[in-house]
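Colleague: build me a model from this:
(chains A and B)
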2 protein chains.
Amino acid sequence: MTTPLDDHRRRLDTIDSQLLQLLSERNSLVGEVLETKLAAGLPVYAPEREQAKVEAFRNAATGHGLDPEWAEDFLRLVMSSSRERQSQANFPQCAGGPRTVLIVGGAGQLGQCYGRAFTASGHSVRILEPDGWEKVDELMTGVDAVIVAVPIRVTESVISQLGPHLAANTILADFTSHKTAPLKAMLQAHRGPVLGLHPMHGPDVANLSKQLVIACPGRQAKASSWLLDQFHLWGLRVQELDSAQHDRIMNQVQGLRHFLALLHGSFMRASDLAPKDILALSSPIYRAELMMTGRIFAQNAELYADIVFANADRRQLLLDFLAHHDQLATLIRNDDKAGFISEFEAIGEFFGDFAEQARTESGYLIHRLADRFA
Amino acid sequence: MTTPLDDHRRRLDTIDSQLLQLLSERNSLVGEVLETKLAAGLPVYAPEREQAKVEAFRNAATGHGLDPEWAEDFLRLVMSSSRERQSQANFPQCAGGPRTVLIVGGAGQLGQCYGRAFTASGHSVRILEPDGWEKVDELMTGVDAVIVAVPIRVTESVISQLGPHLAANTILADFTSHKTAPLKAMLQAHRGPVLGLHPMHGPDVANLSKQLVIACPGRQAKASSWLLDQFHLWGLRVQELDSAQHDRIMNQVQGLRHFLALLHGSFMRASDLAPKDILALSSPIYRAELMMTGRIFAQNAELYADIVFANADRRQLLLDFLAHHDQLATLIRNDDKAGFISEFEAIGEFFGDFAEQARTESGYLIHRLADRFA
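Modeller: All right, here's what the predicted structure looks like:
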């Protein structure tokens, strides 16, 4: 028995199969573009070209009666597919030939992630782990850069141990998520080029393209320029920032955020309200929140303890936050709706245009989540 | 001057133009499917068929050397495009012919959203706003269902005002975001069929397909079944739940969440840390958090005050939350990293498998956000 819908469904299946065929051809073509770029030593990620491409696609989509916002999502998703292919490809190498890089803590997840990237660009990578200190001078021979990628609680002691073994022209850099104290330790331990780095991404990214790294200047910036050039060639976005400003912001971005996740999870546990019971009743936005709290607890407790307890400033910020909470709760104690409204409006004014941007951007998130997981 | 890349780029442009052509054809085809379904009175959203389609597409993608996870994102995005088209289309009508529905507060955003849906399914929609009470008996004549969609602070008084005007066989329902008190008020005010409803979505959705509505049984469930059938035909997912359990969960999902957003925004303002200054330094996950806090402040202060101050239970929960915060902050005061780790691990155990699911799902979010906004 056939129905009028059967014919339509067959035609839909044909179109979907043609879409896949085109996507597959597109990916091969992008693979060829990558090879060509590599051969020419060109950067893999070209933001201006990407933006122009997006604009043209939006216009063409409008011509086909499609929503340009939707079309941009579509194109970016298509482009992300070919970006993920790049993880298997080689990456271009910075000018001046291959370097030798020692990654201290190179067997850790982030160390491995960058180790693979250096190797894929034809550099030599060595690793120093806690059991390798007896060979440290051998490992240091001819090294152009030493990157300290060890847990935050041992960063400073590792840096001071490294000091005596460093040649004067070797770059000393670190990957710690706070910057003032490690930078000070590096400047003390080493008289050559020093650079503080903070990769703002997890070690599980498919590749480094479009990820963000914060760079805090230490000493002899020119000597480290090849390292930052190499970062750019991997597609990383590098943002330069003073270490004190970095730490002030990171105390909020990292310390407060992770403490809040603990607080949220801990209160759910104290209330005996399991996430799975809430999930079936969640709007997409709350679902997203729950996922962002929950993800923390699939990870290493010690890692988060290190982040939250990173330093005395960060702990003080968390106590200031509690005091602020106590003060704001006066509105609740007094059933003071008018006070709530006036605080709400003051924040709205402080946030300015950002609130509207946040509404648009989170609206996008909500729709994608609803499509994918509802 | 041409380069080898120019040729590749031309071929990419050709492929992208073919993709658009196929998408446009696909949308027309889906439009025809919709018309056919409407003519046959079939539901617009068929979850089983969608799931089968996704499975087949994943397999076909794997055959083309594409990542099946990526392919599923792709197909769901393509399908969402045609779902958005449905907002302009008519919707099928539940069995038993057109009904007459009175929406109290029907000029509000949510009231309008459902008013459009009822109209699109061929039902008659009437609206009662505060200035219309003198005509209330006229508006009530021959009405099959009355839906109260007014601000939470006036829900109960509006319900008791409606009571004397309701015929015994008229369904009385409400859209309030807490349920026990309005349900009690409806059962007192009306002796006929009563149903508590809580649409778990904003009024700005393109259409109701795949959105969630919670239904709390009141009285004479059978009499309301046509209304829930109509919801299903719009593609809504309806979840039945006891009103006490609903309120317990919503105190956390809505009360706590919105208070936390205020707390976060208020602390940023007190710390003079503007969102735009943080944005450039945010990882995708923090960016998502910032967007979900910021979106609140583009909206109506009074609406959020009503949600947070909905009832005494909810305010008590927020004070319990402060007490919990104070207790947890002991870890910070005592620089007690070991205590943090042990609390973290206890939460991880309480969350169970959910933590891993959250990691996967939020990972998806992070990648989409990075593609779209980085």
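
Colleague: got a list of what A:Ile15 touches?
Modeller: Contact analysis of A:Ile15 by C-beta atoms under 8 Å, 6 or more residues apart in numbering or on different chains lists B:22, B:25-26, B:29. The C-beta positions use only the backbone N, C-alpha and C, and glycine is treated the same way.

Colleague: now do the phi/psi pair for the closest residue to A:Asp144 other than its chain neighbours.
Modeller: Leaving aside its chain neighbours, A:Asp144 sits nearest to A:Arg99 (4.1 Å; criterion: C-beta to C-beta, 6 or more residues apart in numbering or on different chains). Here is the backbone geometry of A:Arg99 (degrees, to the nearest 10): phi -110, psi 170.

Colleague: before we move on, back to that, and the contacts of A:Ile15 near chain A, which?
Modeller: Residues of the contacts of A:Ile15 in contact with chain A (C-beta under 8 Å from any C-beta of the partner chain): B:22, B:25-26, B:29.

Colleague: helices and strands around the longest strand seen in chain A, which ones?
Modeller: Counting by DSSP state E, the longest strand found in chain A is strand A:212-219. Contact partners of strand A:212-219 among helices and strands, from 3 or more C-beta pairs under 8 Å, 6 or more residues apart in numbering or on different chains; DSSP states H and E: helix A:180-189, strand A:194-199, strand A:237-240, helix A:243-250.

Colleague: pick the most buried one from these.
Modeller: Scoring the helices and strands packed on strand A:212-219 by mean neighbour count under mean count of other C-beta atoms under 10 Å in any protein chain shown gives strand A:194-199 as the most buried, with a mean of 24.

Colleague: what mean pLDDT does that one get?
Modeller: The average pLDDT for strand A:194-199 rounds to 97.

Colleague: equivalent analysis for stretch A:3-22, please.
Modeller: 89.

Colleague: same deal with stretch A:100-110?
Modeller: Averaging pLDDT along stretch A:100-110 yields 95.

Colleague: mind listing residues that contact it?
Modeller: Contacts of stretch A:100-110 (C-beta under 8 Å, 6+ apart): A:111-112, A:114-115, A:118, A:123-129, A:139-140, A:142-151, A:158, A:162, A:175, A:199, A:203-204.

Colleague: cool, and stretch A:54-72?
Modeller: A:74-76, B:13, B:16-17, B:20-21, B:23-24, B:27, B:77, B:80-81, B:84, B:372.

Colleague: which residue ranges of the stretch 101-250 of chain A form strands?
Modeller: A:124-128, A:145-148, A:171-174, A:194-199, A:212-219, A:237-240 (DSSP state E, counting those that start in this stretch).

Colleague: residue contacts, the residue nearest the centre of chain A?
Modeller: The C-alpha lying nearest the average C-alpha coordinate of chain A belongs to A:His201 (C-alpha atoms, centre = their mean; 2.4 Å). By C-beta under 8 Å, 6+ apart, the contact set of A:His201 is A:208, A:211-212, B:283-284.

Colleague: now do 7 Å
Modeller: With contact set as C-beta atoms under 7 Å, 6 or more residues apart in numbering or on different chains, A:His201 has these partners: A:211-212, B:283.

Colleague: adding distance to B:Ala310, write those out as CSV.
Modeller: Formatted as CSV, the contacts of A:His201 follow (distance: C-beta to C-beta, whole Å):
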residue, distance to B:Ala310
A:Gln211, 42
A:Leu212, 40
B:Ser283, 34
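
Colleague: ok, those vs A:Leu260, which is closest?
Modeller: B:Ser283 (15.3 Å; C-beta to C-beta).

Colleague: for chain B, what's the nearest residue on the stretch 51-200 of chain A?
Modeller: Using C-beta to the nearest C-beta, the closest approach of the stretch 51-200 of chain A to chain B is made by A:His64 at 4.1 Å.

Colleague: check the stretch 151-300 of chain A too.
Modeller: Closest point on the stretch 151-300 of chain A to chain B, by C-beta to the nearest C-beta, is A:Gly294, at 2.8 Å.

Colleague: next, count neighbours for that residue.
Modeller: Residues contacting A:Gly294 under the criterion other C-beta atoms under 10 Å in any protein chain shown number 26.

Colleague: mind listing what the residue nearest to A:Asp144 touches?
Modeller: A:123, A:144-145, A:226.

Colleague: what count of nearby residues applies to A:Gly63?
Modeller: A:Gly63 has 12 nearby residues by other C-beta under 10 Å.

Colleague: what's the answer for A:Val125, then?
Modeller: As a burial measure, A:Val125 scores 19 neighbours (other C-beta under 10 Å).

Colleague: and for A:Ile147?
Modeller: Neighbours of A:Ile147 using other C-beta under 10 Å come to 24.
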